[in-house]
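K.L.:
A predicted structure for the sequence below; I have some questions about it.
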Amino acid sequence: MALIQCKECGQSVSTEAVACPHCGAPQQRPVPPPLPVPPQEQKIYLDKVVAVTTTRVVVGGTTYALRNITSVSMTYTPPGVLGAILLLFVGIVIFFTGEFLSYGGISPSAIIAYVTAGIIVCGTIFGMCKAKPTYHVCLSSTAGEIQVLTSKNKAYVEKIVVSINDAIALYK
Ligand SMILES: [Zn+2]
């Protein structure tokens with residue numbers, strides 16, 4: 001409650017008063033400010049799996065309210081090497097089997113062993129060079145950090161991280 005001057009008699013009148021208590025002149029009540037209109041939800045990014053809007057992030061049917069998200073980041077998991085190491089080991093075993101078979105002179109079975117070992121070792125090395133890491137979209141909230149999306153496609157994950165970042169920066 002505040003006091004204003006009456007336009008008629010100049011004395012102090014409460015802003016809550018309908019009329020001046022001194023002269024009885026009707027007082028204009030201040031118009032209350034309009035209620036803030038909630039911003040309309042707009043799509044920032046949309047594909048078959050992910051939707052980023054001005055109020056929420058939806059990934060595969062799970063909705064995360066934008067106001068709960070504190071930050072977003074991209075993390076990655078390097079490709080697994082255990083399978084490749086096992087395959088290399090198998091290749092080496094087959095190679096030494098070939099060595100054993102060619103003890104009394106090169107035999108057809110020894111050649112088969114060498115060729116097989118060569119294919120396995122070359123294939124494994126090629127596969128290791130081609131192996132890609134896995135990328136994740138990580139959302140941080142007051143409740144902790146969660147991985148919401150995983151993909152081998154780095155550009156796709158980056159695009160979603162940028163969209164969520166925009167949403168946080170502009171609409172949170
Ligand atoms: Zn008055």
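P.N.:
Okay, I see it.
K.L.:
next one: stretch 155-170 to chain centre, how far?
P.N.:
In terms of Cα atoms, centre = their mean, to the nearest Å, the centre of stretch 155-170 is found 7 Å from the chain centre.
K.L.:
please identify the buried residues of that stretch?
P.N.:
Buried residues in stretch 155-170, counted by 16 or more other Cβ atoms under 10 Å: 156-157, 160-161, 163-164, 167-168. To be clear about C-beta, it is placed using only N, CA and C from the backbone, and glycine gets the same treatment.
K.L.:
could you give the mean pLDDT of it?
P.N.:
The average pLDDT within stretch 155-170 is 94.
K.L.:
pLDDT score assigned to residue 33?
P.N.:
68.
K.L.:
for residue 21, same thing?
P.N.:
Residue 21 is assigned a pLDDT of 91 by the prediction.
K.L.:
how about the strands in the protein?
P.N.:
Using DSSP state E, the strands of the chain run over 3-5, 12-14, 43-46, 50-53, 56-59, 62-65, 69-77, 134-141, 144-151.
K.L.:
send the alpha carbons of the fourth one over as PDB?
P.N.:
What it means is strand 50-53. What follows is strand 50-53, C-alpha atoms only, in PDB (Å, rounded to 0.1, in the frame of the first residue of the first chain):
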ATOM      1  CA  VAL A  50      14.400 -35.700 -31.200                       C
ATOM      2  CA  ALA A  51      12.400 -32.600 -30.600                       C
ATOM      3  CA  VAL A  52      13.900 -29.400 -29.100                       C
ATOM      4  CA  THR A  53      11.400 -26.700 -28.400                       C
END
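K.L.:
close to the ion: what parts of the chain are there?
P.N.:
Contact residues, the chain versus the ion (Cβ under 5 Å from the ion): 6, 8-9, 20, 22-23, 25.
K.L.:
out of these, who's the most crowded?
P.N.:
Neighbour tally across the residues of the chain next to the ion (other Cβ atoms under 10 Å): the maximum, 21 neighbours, falls on residue 20.
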